[in-house]
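>>> below is the sequence, then the predicted model.
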Amino acid sequence: MHFRNGNIISGNAKVVRNVNRSVILNIIREMQPISRVQLAKMSGLNKSTVSSIVAELLGEQLVFEEENQDRNVGRNPINLRLKLGEHFVGAINIDSGTTRLAIADIDGSVKDSLSIPTESGNPEAFVRRCVASLLELRKRAKVLCLEGIGVSVASIVDPVNSIVTVAPNLGWKDFAIGTLLQSLCADEGVISVDNDSKSSALAELWFGKHDMRLSNFVFLSVGRGIGTGIVVEGKLLAGQYHASGEFGHMTLFEGGHECACGNLGCWEAYASDKATVTRFSELSGSDAFGGGAGNMQDIIDLAVGSDARAREVLAETGRYLGLGISNILKALDPQAVIVGGRVTQVWDILYPEIARVVNRRAFLDKSNDVRILPTSLTVRPELLGAATLAIKEFFNDYKITI
């Protein structure tokens, strides 16, 4: 037996079969619609094995058959697609201001969602509230049970042990969120937890729609802070201590503005939404938002309405983003940088400034080869990322029994 990459699968017969089952299911997910003959060619498995596994998947309501209507052939081939509306996952995205929850199908489409204010004071009590809200949402969506729950958190996360190591904006440290979730959701499938930016990168990898096949890229999440998820050869880069991608806290200007982390001159202190709002308030004075407290969306709305001050401040944010991105390109040499966050709503203002800075600071004239693009995801990346954490476990669940 062989994987698509040619590696031999060997060992216990049940292990081999279940791994092959996962391989077939993932090929269908990625290449649908696809025939059994094509599955055999791509997987390297013989036709009888493919047919047997497909029969199991049909019986489990994971795939369905459709006839390919082609008048140019004598007998229309039968293709396979994922069957939707049968298997769902739960998603929880915990950020410092707002927590978002969703029920999603296995293709990443959201069936229902809601938002609640984040309460960071007592993490255990808040997670209990999140679970209660998610289960109520599941009931509202008329879903009997979940195949798994994915949780993305604005923090450094140990995904192996499902521990929030440190979340500065939440005030959480060494919080065993996975253990708590398992006790509260014993009947809701596998629990998977990770950093929000890494989860966003995973969502872009699985469900992004670009005119190229992404396998080595950086997802740049611009919000209250700045985070990145790094994908290398189709896999998320975690790091030895699960802290890879903290580019938001690289020093942009020695002795510069104070960052939330306590250091001076961090990229986040210049290019985040919070930094943009601060600059706009300083430029506009007390009438910045008509006397009230404003936010990033207010500035974007003003810029869309041709407010010169808002456009100037956003262009400056673009320049700061360009400085950080140019450093990322030197460090990682990705094929693309995908940007997510509210800033993508004014991409026409930001991108020319980003490109100008990157082109000026490019190393070995590499800027022309790297694409800098807004996210293609229509669902909030951090929330879809949480769903993808659970969906990934579902598709990679080998169900190994020896």
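Okay, I see it.
>>> give me the number of residues near the closest residue to Ser200 other than its chain neighbours?
Nearest non-adjacent residue to Ser200, counting by CB to CB, 6 or more residues apart in numbering: Pro381, 3.7 Å away. For the C-beta atoms, the positions are set from N, CA and C on the backbone; glycine is no exception. Neighbours of Pro381 under the rule other CB atoms under 10 Å: 32.
>>> now do Pro381, the pLDDT please.
In this model, Pro381 is scored at 97, pLDDT.
>>> go ahead and confirm it touches Arg342.
No - with contacts counted by CB atoms under 8 Å, Pro381 stays clear of Arg342, the gap being 11.5 Å.
>>> torsion angles phi and psi at the residue nearest to Ser200?
Backbone geometry at Pro381, expressed as degrees, to the nearest 10, gives phi -60, psi -40.
>>> can you pull the contacts of it?
Residues counted as contacts of Pro381 (CB atoms under 8 Å, 6 or more residues apart in numbering) are Ser199, Ser200, Ala203, Glu204, Phe219, Ser221, Gly340, Thr375.
>>> could you identify the helix or strand that succeeds the strand or helix carrying Val50?
Using DSSP states H and E, Val50 sits in helix 47-59. Next along the chain after helix 47-59, taking DSSP H and E as the criterion, comes strand 63-67.
>>> which other helices and strands does that following strand contact?
Under the contact definition 3 or more CB pairs under 8 Å, 6 or more residues apart in numbering; DSSP states H and E, strand 63-67 sits against helix 47-59, strand 78-82.
>>> can you list these in CSV and add distance to Lys142 and mean pLDDT?
Formatted as CSV, the helices and strands packed on strand 63-67 follow (distance: least, CB to CB, whole Å; pLDDT from 0 to 100):
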stretch, distance to Lys142, mean pLDDT
helix 47-59, 23, 93
strand 78-82, 20, 93
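>>> pick the most buried one from these.
Comparing the helices and strands packed on strand 63-67 by mean neighbour count (mean count of other CB atoms under 10 Å), strand 78-82 ranks first with a mean of 18.
>>> show me which positions of the following helix or strand past it end up buried.
Per DSSP H and E, the first helix or strand lying C-terminal to strand 78-82 is strand 88-94. By 16 or more other CB atoms under 10 Å, the buried positions in strand 88-94 come out as Phe88, Val89, Gly90, Ala91, Ile92, Asn93, Ile94.
>>> with stretch 328-348 instead?
So, applying 16+ other CB under 10 Å, buried residues of stretch 328-348: 328-329, 332, 334, 336-341, 343-346.
>>> kindly format the C-alpha coordinates of the host helix or strand of Val16 as CSV.
If you go by DSSP H and E, Val16 is part of helix 13-31. Below are the C-alpha coordinates for helix 13-31, written out as CSV (Å, rounded to 0.1, in the frame of the first residue of the first chain):
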residue,chain,number,x,y,z
ALA,A,13,-3.8,-4.7,8.9
LYS,A,14,-6.4,-2.6,10.8
VAL,A,15,-3.9,0.3,11.1
VAL,A,16,-3.1,0.0,7.4
ARG,A,17,-6.8,0.0,6.4
ASN,A,18,-7.7,2.9,8.6
VAL,A,19,-4.8,5.0,7.4
ASN,A,20,-5.7,4.2,3.8
ARG,A,21,-9.3,5.2,4.6
SER,A,22,-8.1,8.6,5.8
VAL,A,23,-6.0,9.0,2.6
ILE,A,24,-9.0,8.2,0.4
LEU,A,25,-11.3,10.6,2.3
ASN,A,26,-8.8,13.4,2.1
ILE,A,27,-8.2,13.0,-1.6
ILE,A,28,-12.0,13.2,-2.1
ARG,A,29,-12.1,16.4,0.0
GLU,A,30,-9.3,18.0,-2.0
MET,A,31,-10.1,16.8,-5.5
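>>> so for it, mean pLDDT?
Averaged across helix 13-31, pLDDT comes to 87.
>>> quick check: next helix or strand after that helix?
strand 34-35.
>>> and the next helix or strand after that following strand with helix 47-59, angle?
Sequence-wise, the next helix or strand downstream of strand 34-35 (DSSP H and E) is helix 36-43. On the basis of axes from the mean of the first three to the mean of the last three CA atoms, to 10 degrees, helix 36-43 is oriented at 110 degrees to helix 47-59.
>>> contacts for helix 36-43 next, please.
Here helix 36-43 has contacts from 2-4, 20, 23-24, 27-28, 31, 34, 45-47, 50-51, 54, 77-78, 80, using CB under 8 Å, 6+ apart.
>>> centre of the chain versus that helix, how much separation?
Taking CA atoms, centre = their mean, to the nearest Å, one finds the center of helix 36-43 at 29 Å from the center of the full chain.
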